[in-house]
Each structure stands twice: as C-alpha cells, then as structure tokens.
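> Here is my input; please provide its structure:
(chains A and B)
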Protein chains: 2
Amino acid sequence: MNFLRRIVKPQSKEDEDFYYELKELLNFKPIKLSHYKKAFTHRSLKLVDSKGNPINYERLEFLGDAILGSVIASYLYKESPKGNEGYLTQMRSKVVSREHLNSLGKDLELIRFVKSNIAKEHISDNIHGNIFEALIGAIYLDRGYNYCHQFIYEQVILPYVDLERLEGKISSYKGYVIEWCQKNKKKYSFQSYEDSGNQNKKHFSVKISIEGTVMAKGRATSKKKAEEIAAKRVYYAMQTQMKSS
Amino acid sequence: MNFLRRIVKPQSKEDEDFYYELKELLNFKPIKLSHYKKAFTHRSLKLVDSKGNPINYERLEFLGDAILGSVIASYLYKESPKGNEGYLTQMRSKVVSREHLNSLGKDLELIRFVKSNIAKEHISDNIHGNIFEALIGAIYLDRGYNYCHQFIYEQVILPYVDLERLEGKISSYKGYVIEWCQKNKKKYSFQSYEDSGNQNKKHFSVKISIEGTVMAKGRATSKKKAEEIAAKRVYYAMQTQMKSS
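Next up, the predicted model:
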C-alpha cells in the first residue's frame, strides 16, 4: 500500500497542490497527473513531447466531447422512456451546448488550472467549456469510462440537468416552491449564508424550511444557484410524495 | 450456477434460437433478450409496452450512436497520437458514416432478426446501419460500456477500421502485398475456399502464403473482403518486422 502511494504521490510541491485540488474537484483520486496537466495546457505554450506530439488540451477535448455525449445520451434514454429520437437529440443538444458547457467550466473554476502564454482574459470565453471537455477526456484516460460517468453525474447531471426545465415546464424551482406554499398556506423560509469551505471562490449555502422543518439544502457559487439547487430538491421530494400518496 | 442458467435461459424455442444466434454474433452471452428484441423491432409493428411506451429500435439507435461515437473517438485518440482535433473528427466521420454503418449491418446480416409489418425489401437501405447502432444500444443496456467496447473493437475496428486506408494511403492491401512480393521476387499465393460454418450466409476463407509459408488467414462474407482482411494482417506483420529489424 505504501509502495503504491509512493508511485501515485506527486513529486513536487506544485504537483502536490495540483493533486489535492484535483482530488477535491473530481471526488476521487487521480492517478496519472500528466493527463490532467495536458487537459489544462493551452496551445500557446507550444509544448511537445519527446516524439514531437503536441501537448495541449485540443485532442482531449475531442475525446471528452464524445464521452460526455454518450453519458448524457444514456441518462436521457433512461430518464425519458417516452421521448422519441428527435426529442432525445434535442435535449442532448441543450445539455452539451457551448453556452452550457462554458457555464459549467466557469462554475468549476477550471480556468485556475490553465497554463497559457496568452493572458487568460484574452482567451475566448469558450475555453471554459473546452477545458471541461478536455478534463473528461483526461479522466477517461486516467480512470476509464465508469469514473467519467460518475463525474458527469455528480457535476453535470445532478446539479444542472433537468428535463422539466429543459422542456420549459419549469422556469424556476424557487418560484414553484413559493407558489406551492402560498397556495397551500404553508409558512416557508429560504435562509442563505456564505460557506466557502477550503475553496478560493465564494460559495453560498441555502436552507429551505417549510413549517419550520428543514426540507433541503443547496450549495453553489451564487446565492441564486444554491437556492435553485435546494428548491429543485424540494420539488422532487414533493413529486415523490405525491406519487406515493 | 444452474439457478442462474435457468433465469438467463430463454423460454420458447424461438427465444432459444434467437439467444444462440445472438451469442454467436456478439461473442458473449446476452442476458436480457428483450433489449435485443427491441433493437430489431421496426416501428411499423406499432408495439407499445404496458406503460404505453413504444417498442421499436429508434431510441436504441440514438443511444448506440453515442456509444459508438465515444468508442471510435477513444480508438482514434490512442491510435493517432499526432492527429489534431480536425483530423480526428474527420476520421471519425468516415468510420461512422451512414454508408459504412449500412455496410457493417449488412455484413453481420442483422436484417435476419428484424420484425416488421413492411416487407424488408421495401424498407430503406439505412435500416442496416440503424439496427447496427440499435444493437450497440441494446448491448449497453444489457451488459454495459465495456461489452460495447469489446463488440465494437471485434466487429468494427479490427476488421474494418484502418487509418492507413481511411487516409487514402493504401487502397487495397491485396494490391500492396502482391506488389511487395513482385518487387522482392517472392512467390505468393492467395487460396480461397467456401467456409460457411453454422451460419446461413455463405462465407469465404482466404489463406495467403509467401514462399510456401502461410502468412495469414481471413474470413468474411465475400472472397474479396476475406482477401483484404488476410492481406491487411500480412501488411501489419510486415510493418512490425520492418520496425524491429
């Protein structure tokens, strides 16, 4: 076990920091750091390996895009048993749209890992989505498909993908919960507080109570997002209860 | 073990035949036959399950297409370390082109499994590629990603995908082998014979000998394809030998 740890353990202080930040982001242990380093290397550095092959995230982006597409496809297939091929294709386009991926990459603050010769503020906004895809490619090479699946579920599907919202049925979960409480004459509260943990960027936690009982919590990089995450949990708990009653 | 076999074992004579034919095709044991039956059910039958969800291959085709895309992407990523994103995208389009998938589906004779209310000869030629993708979707649901990976490698990548050919560097492996033998003054022979095994459709085996030594064999549904498969093996053996000498 110690022997294994020594192989896996990063060598320099910089690698060690990278390793622990990655581990927190991924929610599992990365093994070969070089894959992840590549995922965050911009072409402007013009790095090449000993065989002359370029080291930057562009090829990993191709790989990650394909893996992401297949995980989202299998999620939609299972979640929407009535949706036909056209519907599934349309929903997938929404989830993997450039805009959505950029917002995911930003939320995960992936840009903090990027090494580039161009000042980050001069790089196109698409870099956020591109390195998000490249990260998935790196996870695939490092740990295989099942880890990609887990990461995409935890980081993309659970917090952001929502058929009800994608279909336009619900525009705001917070709005839904408030409306429901008013209609059913229940007292409710949304309590929010700053909760940054060990992360650099500010985070918010939100607690929703109905009739004095905490129903759900949410945590994200903005108060609005954290409220939506918590309200979505309340919404799904309500749906489950309605079905069983 | 017997208990397990009883669960897995198909119930009717028709299911039993289907099970054994599938097992030969897949090179592993299918577990839930219903996934595969769905993969071969045409919409014209208008089947629905107890919840009113349609039973036909169209949704599985969506799923299989995405899984196929990701397996091919990972193959290309690994096989072509110098290829940039544009090159990888272009190569993948060639492999998963409608034309290529139709030819794969035809080669595997998947149409023999199809149930439809329309006479098979009146269905568009694209059905061959569509049910090939649907079959991959069914494998994914039945056995998971790794089995899809194995099936796609065995049935698509090894016999058909070839970067040298896709890039247009080699148009015929048979031609290459013959030219090489003539240039190097070696005697060669291509021997072919019919070899249908237990399959309904005619199959051919081809044996290539150089200077009286059997170098490689190939087997396929046409003599030409079997020759190419065998010649490709000779080609790669030559490349490996050249590199090591």
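
> list the contacts for A:Lys187?
A:181, A:210-212 (CB atoms under 8 Å, 6 or more residues apart in numbering or on different chains). All C-beta atoms are positioned from the backbone trio N, CA, C, and that covers glycine.

> Among those, which lie within strands?
A:Ile210 (DSSP state E).

> JSON lines please, covering the contacts of A:Lys187 and showing distance to chain B.
Below are the contacts of A:Lys187 laid out as JSON lines (distance: CB to the nearest CB, whole Å):
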{"residue": "A:Cys181", "distance to chain B": "32"}
{"residue": "A:Ile210", "distance to chain B": "32"}
{"residue": "A:Glu211", "distance to chain B": "35"}
{"residue": "A:Gly212", "distance to chain B": "39"}
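
> out of the contacts of A:Lys187, which are buried?
With burial judged by 16 or more other CB atoms under 10 Å in any protein chain shown, the buried subset of those is A:181, A:210.

> What are the boundaries of the strands in chain A?
A:188-194, A:204-210, A:213-220.

> Up against chain B, what does chain A have?
With CB under 8 Å from any CB of the partner chain as the criterion, chain A meets chain B at residues A:51-54, A:58-63, A:65-67, A:69-70, A:72-74, A:77, A:81-85, A:88-89, A:92, A:137, A:140, A:145-146, A:149.

> Filter these down to just the ones in helices.
A:58-63, A:65-67, A:69-70, A:72-74, A:77, A:85, A:88-89, A:92, A:137, A:140, A:145-146, A:149 (DSSP state H).

> For chain A, name the helix or strand with the lowest mean pLDDT.
Here the helix or strand of chain A ranked lowest by mean pLDDT, DSSP states H and E is helix A:2-8, holding a mean of 50.

> And chain A, split by domain according to the record?
Domain assignment for chain A by automatic domain parsing gives A:2-167, A:173-243.

> got TSV for the ones you listed, with distance to B:Val206 too?
Converted to TSV, these look like this (distance: least, CB to CB, whole Å):
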stretch	distance to B:Val206
domain A:2-167	34
domain A:173-243	59
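
> Out of those domains, the one nearest B:Phe28 is which?
Across the domains of chain A, B:Phe28 has its closest neighbour in domain A:2-167 (17.4 Å, CB to CB).

> Out of the strands of chain A, which is the most enclosed?
For these, the largest average neighbour count (mean count of other CB atoms under 10 Å in any protein chain shown) is found in strand A:204-210, namely a mean of 19.

> before we move on, the earlier item: of the domains of chain A, which shows the lowest average pLDDT?
Ranked by mean pLDDT, those bottom out at domain A:173-243, which scores a mean of 85.

> Which among the residues of chain A next to chain B count as buried?
Buried members of the residues of chain A next to chain B, scored by 16+ other CB under 10 Å, are A:54, A:58-63, A:65-67, A:69-70, A:72-74, A:77, A:83, A:85, A:88, A:92, A:137, A:140, A:145, A:149.

> Need phi/psi at the residue nearest to A:Lys23 when sequence neighbours are not counted.
Spatial nearest neighbour of A:Lys23, excluding adjacent residues (CB to CB, 6 or more residues apart in numbering or on different chains): A:Lys29 at 5.8 Å. A:Lys29 adopts backbone torsions of phi -80, psi 120, taken as degrees, to the nearest 10.

> Touching, A:Asp107 and A:Thr221? I think so.
Yes - using CB atoms under 8 Å, A:Asp107 is in contact with A:Thr221, at 5.7 Å.

> tell me the contacts of the residue nearest the centre of chain A?
When CA atoms, centre = their mean is applied to chain A, the residue found nearest the centroid is A:Gln155 (2.8 Å). Listed by CB under 8 Å, 6+ apart, the contact set of A:Gln155 reads A:104, A:108.

> where does it sit relative to A:Leu26, distance-wise?
9 Å (CB to CB, to the nearest Å).

> now swap in A:His203 and tell me
Separation of A:His203 from A:Leu26 (CB to CB) stands at 18 Å.

> quick one, phi psi at the residue located most distally from the centre of chain A?
No residue in chain A sits farther from the centre than A:Lys185, which is 35.8 Å out by CA atoms, centre = their mean. Dihedral pair for A:Lys185: phi 50, psi 50, per degrees, to the nearest 10.

> Run a quick neighbour tally on A:Ser12.
A count of nearby residues for A:Ser12, using other CB atoms under 10 Å in any protein chain shown, gives 8.

> Ok, A:Tyr153 next?
14.

> residue contacts, A:Val48?
By CB under 8 Å, 6+ apart, the contact list for A:Val48 reads A:54-55.

> ok, it to A:Asp15 distance?
Separation of A:Val48 from A:Asp15 (CB to CB): 21 Å.

> And A:Tyr75, by the same measure?
Distance, A:Tyr75 to A:Asp15, by CB to CB: 34 Å.

> Over to A:Thr41?
To A:Asp15, A:Thr41 is 14 Å away according to CB to CB.

> Compare A:Tyr75 and A:Asp15 (neighbour count), which wins?
Legend: neighbour count by other CB under 10 Å for A:Tyr75 and A:Asp15, higher for A:Tyr75 (20 against 13).

> Pretty sure the more buried one sits against A:Asp162.
No - counting by CB under 8 Å, A:Tyr75 does not reach A:Asp162; the two are 11.2 Å apart.

> Name the member of the contacts of A:Lys187 with the shortest distance to B:Leu33.
Distances from B:Leu33 to the contacts of A:Lys187, taken by CB to CB, are shortest for A:Ile210, at 46.8 Å.

> residue contacts, the closest one?
A:Ile210 neighbours (CB under 8 Å, 6+ apart): A:181, A:186-188, A:234.

> And A:Asn130, by the same measure?
Taking CB under 8 Å, 6+ apart, one finds A:57-58, A:61, A:101, A:105 in contact with A:Asn130.

> go again using 7 Å as the cut-off
Counting by CB atoms under 7 Å, 6 or more residues apart in numbering or on different chains, A:Asn130 touches A:57, A:61.

> try A:Lys82
Counting by CB under 7 Å, 6+ apart, A:Lys82 touches B:Asn53.

> quick one: it and A:Leu76, what's the gap?
Distance from A:Lys82 to A:Leu76, by CB to CB: 12 Å.

> try A:Ile127
For A:Ile127 relative to A:Leu76 (CB to CB), the value is 27 Å.

> neighbour count winner among the two?
A:Leu76 (25 against 21).

> Against chain B, how distant is the residue nearest to the centre of chain A?
18 Å (CB to the nearest CB, to the nearest Å).
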